[in-house]
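# predicted model and sequence follow; I will ask about them next.
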Amino acid sequence: MLRAYIGSFLFYIFLLIYTPLYATVVCLILRLFNVKTRYRLACQYNLHLIVVLRWLCGVKWVIKGAENLPGIDDGHIILANHESVWETHAIPALMLPRAICLVFKKAITYIQIFGWAM
């Protein structure tokens with residue numbers, strides 16, 4: 001139980017330090033790359049988060065059925081159950097090199113600050 005609290009605390013400290021640093025660096029070098037590379041850079045942030053979550057908090061995952069996904073250039077739909085924010089970070093990171101398009105309710109855009117970024 002104590003490990004969970006300490007791991008969560010350390011993860012939030014990591015987020016507070018890493019997110020602004022990564023965002024600043026990516027925004028500064030964004031114009032140097034094509035769209036595909038920019039997408040990969042953005043997804044790397046998600047990958048780093050889920051790896052740190054696994055390391056600090058013990059969050060584990062298993063991917064079942066990945067062999068059934070179509071090829072990289074073929075279209076497909078991934079339906080997430082949204083039981084947590086975890087899959088919001090994990091799906092783009094774990095689906096690389098496939099590019100994804102997120103579909104969400106328009107009402108989300110009305111939420112201050114969060115909606116402005118959508």
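Looks like it arrived, so ask away. Numbers count the residues shown, from 1 in each chain.
# quick one: low-confidence parts of the chain?
Applying pLDDT under 70 to the chain flags residues 72-73, 82, 113-118.
# pick out the residue closest to the middle of it.
residue 89 (2.4 Å; C-alpha atoms, centre = their mean).
# residue 51 and residue 57: what is the separation?
Using C-beta to C-beta, to the nearest Å, one gets 11 Å for the distance from residue 51 to residue 57. Yep, even glycine has a C-beta here, placed from its N, CA and C like the rest.
# check residue 31 too.
35 Å.
# what of residue 89?
13 Å.
# picking up where we left off before, how distant is the host helix or strand of the residue nearest to the centre of the chain from the center of its chain?
Applying DSSP states H and E as the criterion places residue 89 in helix 86-94. Distance, stretch centre to chain centre, for helix 86-94: 4 Å (C-alpha atoms, centre = their mean, to the nearest Å).
# stretch 91-103 now?
9 Å.
# circling back to that earlier point, between residue 51 and residue 57, which is the more surrounded one?
Neighbour totals were compared for residue 51 and residue 57, and residue 57 leads with 17 against 12 (other C-beta atoms under 10 Å).
# tell me, how many residues neighbour the closest residue in space to that one that isn't next to it in sequence?
Nearest-residue entry for residue 57: residue 7, 4.1 Å, with adjacent residues in sequence omitted and distances by C-beta to C-beta, 6 or more residues apart in numbering. Residue 7 has 17 neighbouring residues, counting by other C-beta under 10 Å.
# what does residue 43 give?
Residue 43, neighbours per other C-beta under 10 Å, totals 21.
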